[in-house]
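Visitor: sequence and computational prediction follow.
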Amino acid sequence: MLSLETITNSIQQWLYSTFNPTMALILECVIVMLLVIGLFAVLGLVLVLMERKVAARMQIRLGPNRVGPKGILQTAADTLKLMMKEGLTPNGADKFLFNLAPFMVMIAAMLILAPIAFAKGFQIWDINIGVLYVSAVSSMSVIGILMAGWASNNKYSLLGAMRSGAQIVSYELSAGLSIISIVVLTGSLQISAIIHSQQSGWWLFRGHIPAMIAFVIFIIAVTAETNRAPFDLAEAESELTAGFHTEYSGMKFALFFLAEYINIFIVCAIGATLFLGGWMPLHIGNWEGFNHIMDKIPSSLWFLGKTFLLIFLIMWFRWTFPRLRVDQLLSLEWKYLLPISMFNLLLITLIAIMGWHF
Amino acid sequence: MTREAMKEHITRFLPDALFEESGEWLNVYVSASAWKGFAQWLRNEALQMDYLFCLTCVDWPPTAAAKTQAPPDTSGGGLLTMVYHFTSTVFRHTLVVKIKLNRNNPEIETVSDTWRTAEFHEREVFDLFGVRFLHHPDLRRLVLTDDFEGYPLRKDFEDPVNMIKL
Amino acid sequence: MYRETQIIETDNIAAAGADAAGAALVINVGPQHPATHGVLHLVITLEGETIKKIEPHLGYIHRSIEKMCESLSYRQFIYVTSRMDYLSAHINNHACALCIEKGLQLEIPGRAQVIRVLMDELTRIASHELWWGAMAMDLGAFTPFFYAFRERESINDIMEETCGARLTMNYMVPGGVMYDLHPNFQKRVKSFIQLFNSKIDEYDDLVTGNIIFQNRTKGVGVLSREDAISFGCTGPVGRASGVTCDIRKLYPYEVYDKVDFDEIIETAGDSYARYQVRLKELRQSVRIIEQLIDNIPEGDFQAKTKAVLKLPKGEFYSRVETARGEMGVYIVSEGGTTPYRIKFRSPGFSNLSALDHMSRGSKIGDLMAIMGTLDLVIPDIDR
């Protein structure tokens, strides 16, 4: 069976046998870089189209269906349009920060991609503090958003950035605590170790109800962290026109837009890794036959399937719920989610110590 | 409350009020100087006119005054008639109050403190007729630009650029 | 205009000494803003996210319809009024027709009366539909908009068939209606009512019961009964504050005194109450249509009138209930073929004047809930 692991291994062997080790490492870095950029482009196209199709389906309409077969080239056409647009910089804006901000957001999104395992043995960097790295780097994107809001010299942008700052900083706590509960169960911060620990079953089921609570809190928190409805206050267009990216146009706007979707992909990938076993197939106890069939499905498909399921969930939220108000958003976090997740963490610790999980 | 009872109440408060009964509702003419006290009396005393549902103005320039039904004009410079339509949400009776103003120097006390809806309606009348409401909290042009000249709803307003004569 | 205001605002705050001038943030919502549904311009003074003051700037779509009407004949000017509150164009036309008929002392045929009421109620449903979708969109839920438009579309189709237009119908003329009903009218209205009854429950499922929606609207923008009367708020806004102000009940016109329907009164006065009033009104409108659709009397659809109408000298005032509240038409006639002076009392104008009072102290997110439930139509305010 063709697996991604064999391909990467053969490429590595070929590189090291052909070039000297330094050169081979540099070449590997270049290949990884190209792959990441390629993934970004593809994800952007696919996710935007998916969002539009999902929204259309929920809103009893057809969605894009003119460009290409079934409209699949719609996002490509949109990107082309955005590239040809003039990138305006408003008068009185801080030009350096204004132009830097979209790249900050983008770079933060790219960095988190490093420890994610896309398939069995297909991972850029299996760092031993993978989970810590992810939560540390993901909070960097707020800097880019604040920068954009401040540098735009626009009151709507500023309000949006302020909201976004308060929101991301608060919800990071809950997201972090939910992640920690899995770390407690696994006893490791390394992504590959976390996935391997789920060989006999996903943490979502093995950790009993506390793990499910952690999962729900994680989904809520990451929806808020990615500024998606119903927590899209930072760009609430009926209130703040477009929030922090009001003044952006053309490709700079596209970068923000793309970063939003990449972030969704990343948080869903992390959710899938931590709670749904990453690329690990679904195994049920000692049903040998069933488990064997599940093993036949390639690991990359497992990973992408789980991730896109979570992405669909988050899109579903967006097209169903109204938006929260800023004070309700914060009280939801500080008064409800944070105490619950703290208590939940205690329970999970108890489960881990007593070995009650199966 | 019947029309007669209403008339009686008003005459008791304001002996020199003039009545006109041709229309659907009772109309009463009061003088601009008596208006402020009368308005507060209308709102708070026996009649309880708490709902001002229409506030507007009618322009009667001197040329038109001669051949129209315009109310008698004593100053000669034409008239602006303020028209207030009141209803009481308690008794469900309706009253129309009219006040004649001098067209060249129209000034009247505001009633925006008695009926809050008057604030916007008076600004509109100021904007389109040029009636100055004394003690209005924020008397500025409402729909037209601040530097607009003239009062478009007056009969003698001419705008050769934007108006199309039919 | 906008720059000047900004300077004035900041000065006022500094002069008042309430806050340091830097603490207040003045933002312009509109004239081009997704939440104002038209060219309304609000200058909002904020402290953090809390609203200190709202100042509406009007006139971006002022056409001076009142002046225009002074040079149009009694038959002609009705059509201009469709362009005021374009969502209840029918009802505006109805108010004008009623006022002219009052002046002419014209008795209109029973068939025309029923047709007018049917059309009014269909318009009301269409208008509330659009409000429902737009309000949900203001609060960040996009999907309801499409659901609302699905049903509104079938009303527009019915209108198109009978009146020849979808939005500005111009169907009412002095003395009745312009044409007779389309043969399909009854059939299509009945099938629409059947479909619509099931859809209202769907609206409840999608929005009303949503906990986020309830939190966003309950206790937001409270308008007390006294203030509602003082500000002249009518229609669903007034009724949500407990004011009995349905003209259809208080001063019945056409056949409203013969049909059985309830005036919806809520007492909370907040955005949620206004929402509830409108949603329940949809069901009442359906009730009225159900009673009338099978009982359209035979006969003329228009009374015999002269080709050129002349109103006697005098003043005439008619009041009707539009989808937004009380609409008044005040005609001063000199006996000629054109009105000497005409004034439209529009519901939106008075409702807007309460906005500042209602939103002080709320968050900027609440403003969308308040404006959404006020259901402002800007051409109606500017005229």
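Guide: Structure's in. What do you need? Predicted, not measured: the structure shown is a model, and the values here were computed from it.

Visitor: near residue 296, how many other residues are there?
Guide: No chain specified, so I'll use chain A. 8 (other C-beta atoms under 10 Å in any protein chain shown). C-betas here are computed from N, CA, C, even on glycine.

Visitor: wrong chain, I was asking about chain C
Guide: For C:Ile296, using other C-beta under 10 Å, the count is 17.

Visitor: with A:Glu225 instead?
Guide: Residues within reach of A:Glu225, counting by other C-beta under 10 Å, total 25.

Visitor: buried stuff in stretch A:337-355?
Guide: In terms of neighbour count (16 or more other C-beta atoms under 10 Å in any protein chain shown), stretch A:337-355 has its buried residues at A:Leu337, A:Leu338, A:Ile340, A:Ser341, A:Asn344, A:Leu345, A:Leu347, A:Ile348, A:Ile351, A:Ala352.

Visitor: TSV for those residues, including secondary structure?
Guide: Listed next are the buried residues of stretch A:337-355 as TSV, based on DSSP: H, G, I helix; E, B strand; the rest coil:
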residue	secondary structure
A:Leu337	helix
A:Leu338	helix
A:Ile340	helix
A:Ser341	helix
A:Asn344	helix
A:Leu345	helix
A:Leu347	helix
A:Ile348	helix
A:Ile351	helix
A:Ala352	helix
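
Visitor: ok, those residues vs A:Trp203, which is closest?
Guide: A:Ile348 (9.8 Å; C-beta to C-beta).

Visitor: touching, that closest one and A:Ile209? I think so.
Guide: No - checked against C-beta atoms under 8 Å, the pair A:Ile348 and A:Ile209 is beyond contact range at 10.2 Å.

Visitor: distance check, the nearest residue to B:Ala118 once chain neighbours are set aside against B:His136.
Guide: Among residues not flanking B:Ala118 along the chain, B:Ser112 sits closest, at 4.4 Å (C-beta to C-beta, 6 or more residues apart in numbering or on different chains). When distance is defined by C-beta to C-beta, to the nearest Å, B:Ser112 is 6 Å away from B:His136.

Visitor: now do the shared contacts for these two.
Guide: When contacts are counted by C-beta atoms under 8 Å, 6 or more residues apart in numbering or on different chains, B:Ser112 and B:His136 have B:Glu119, B:Glu122 as shared neighbours.

Visitor: comparing the two, which residue is more hemmed in?
Guide: The residue with more neighbours, out of B:Ser112 and B:His136, is B:Ser112; 24 against 19, by other C-beta under 10 Å.

Visitor: any idea how far the more buried one is from B:Phe120?
Guide: Distance from B:Ser112 to B:Phe120, by C-beta to C-beta: 9 Å.

Visitor: what ranges do the strands span in the chain?
Guide: Just so you know, I chose chain A. A:117-119, A:122-123 (DSSP state E).

Visitor: my question was about chain C
Guide: Under DSSP E, chain C gives strands at C:24-29, C:41-47, C:50-57, C:172-173, C:176-177, C:314-321, C:326-333, C:341-345.

Visitor: for these, which one sits closest to chain A?
Guide: With C-beta to the nearest C-beta as the criterion, chain A lies closest to strand C:24-29 of the strands of chain C, at 4.8 Å.

Visitor: one step back: save the strands of chain A as TSV, and put in mean neighbour count too.
Guide: Shown next, in TSV, are the strands of chain A (neighbours: other C-beta atoms under 10 Å in any protein chain shown):
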stretch	mean neighbour count
strand A:117-119	21
strand A:122-123	20
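
Visitor: out of those, which is closest to C:Gly38?
Guide: Closest to C:Gly38 of the strands of chain A, according to C-beta to C-beta: strand A:117-119, at 49.0 Å.

Visitor: ok, the closest one: who's next to it in the sheet?
Guide: Using DSSP bridges, the strands paired with strand A:117-119 are strand A:122-123 (antiparallel).

Visitor: got a list of contacts for the strand it pairs with?
Guide: Residues contacting strand A:122-123 (C-beta under 8 Å, 6+ apart): A:Leu4, A:Glu5, A:Thr8, A:Pro115, A:Ile116, A:Ala117, A:Ile191, A:Ser192, A:Ser300.

Visitor: now with 6 Å, please.
Guide: Residues outside strand A:122-123 that contact it (C-beta atoms under 6 Å, 6 or more residues apart in numbering or on different chains): A:Leu4, A:Ala117.

Visitor: could you do stretch A:318-325 as well?
Guide: Contacts with stretch A:318-325, where a contact means C-beta under 6 Å, 6+ apart, come from A:55, A:58, A:228-230, A:236, C:139-141, C:143, C:212-213, C:216, C:363, C:365.

Visitor: and with 7 Å instead?
Guide: Residues from elsewhere that reach stretch A:318-325 (C-beta atoms under 7 Å, 6 or more residues apart in numbering or on different chains): A:54-55, A:58-59, A:228-233, A:236, A:332, C:136, C:139-143, C:210, C:212-213, C:216, C:363, C:365-366.

Visitor: same thing with stretch C:336-346?
Guide: Taking C-beta under 7 Å, 6+ apart as the rule, stretch C:336-346 contacts B:53-54, B:56, B:58, C:66, C:69-74, C:84-85, C:308-310, C:327-334, C:380-381, C:383.

Visitor: hey, where'd the strands end up in chain B?
Guide: Counting by DSSP E, residue ranges of the strands within chain B are B:18-20, B:26-30, B:51-60, B:79-87, B:94-102, B:107-109, B:132-134.

Visitor: mind listing the strands the second one pairs with, and their directions?
Guide: Each strand pairing with strand B:26-30, determined using DSSP bridges, is listed with its direction: strand B:18-20 (antiparallel), strand B:94-102 (parallel).

Visitor: re the thing from before, and the residue nearest to B:Ala118, how far from A:Ala109?
Guide: B:Ser112 is 55 Å from A:Ala109, where distance means C-beta to C-beta.

Visitor: about what we covered before: out of the contacts of stretch C:336-346, which end up buried?
Guide: So, by 16+ other C-beta under 10 Å, the buried ones in the contacts of stretch C:336-346 are B:53-54, B:56, B:58, C:66, C:69-70, C:72-74, C:84-85, C:309, C:327-334, C:380-381, C:383.

Visitor: next up, the contacts around residue 118.
Guide: Chain wasn't specified; assuming chain A. A:Ser300, A:Phe303.

Visitor: ah, I was thinking of chain B
Guide: By C-beta under 7 Å, 6+ apart, B:Ala118 lies in contact with B:Leu52, B:Leu55, B:Thr110, B:Val111, B:Ser112.

Visitor: at 6 Å instead, please
Guide: Contacts of B:Ala118 (C-beta under 6 Å, 6+ apart): B:Leu52, B:Leu55, B:Val111, B:Ser112.

Visitor: take those residues and write them to CSV, including distance to B:Tyr151 and pLDDT.
Guide: Shown next, in CSV, are the contacts of B:Ala118 (distance: C-beta to C-beta, whole Å; pLDDT from 0 to 100):
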residue, distance to B:Tyr151, pLDDT
B:Leu52, 22, 87
B:Leu55, 16, 89
B:Val111, 20, 87
B:Ser112, 20, 85
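
Visitor: and those residues, which is closest to chain C?
Guide: When the contacts of B:Ala118 are compared against chain C (criterion: C-beta to the nearest C-beta), the nearest one is B:Leu52, at 6.2 Å.

Visitor: tell me how many other residues crowd the closest one.
Guide: 27.

Visitor: quick check: beta-bridge partners of it?
Guide: Residues in a beta bridge with B:Leu52, per DSSP bridges, are B:Phe86.

Visitor: how near is it to chain A?
Guide: 33 Å (C-beta to the nearest C-beta, to the nearest Å).

Visitor: could you check how far that residue is from C:Ser224?
Guide: Computed as C-beta to C-beta, the B:Leu52 to C:Ser224 distance reads 17 Å.
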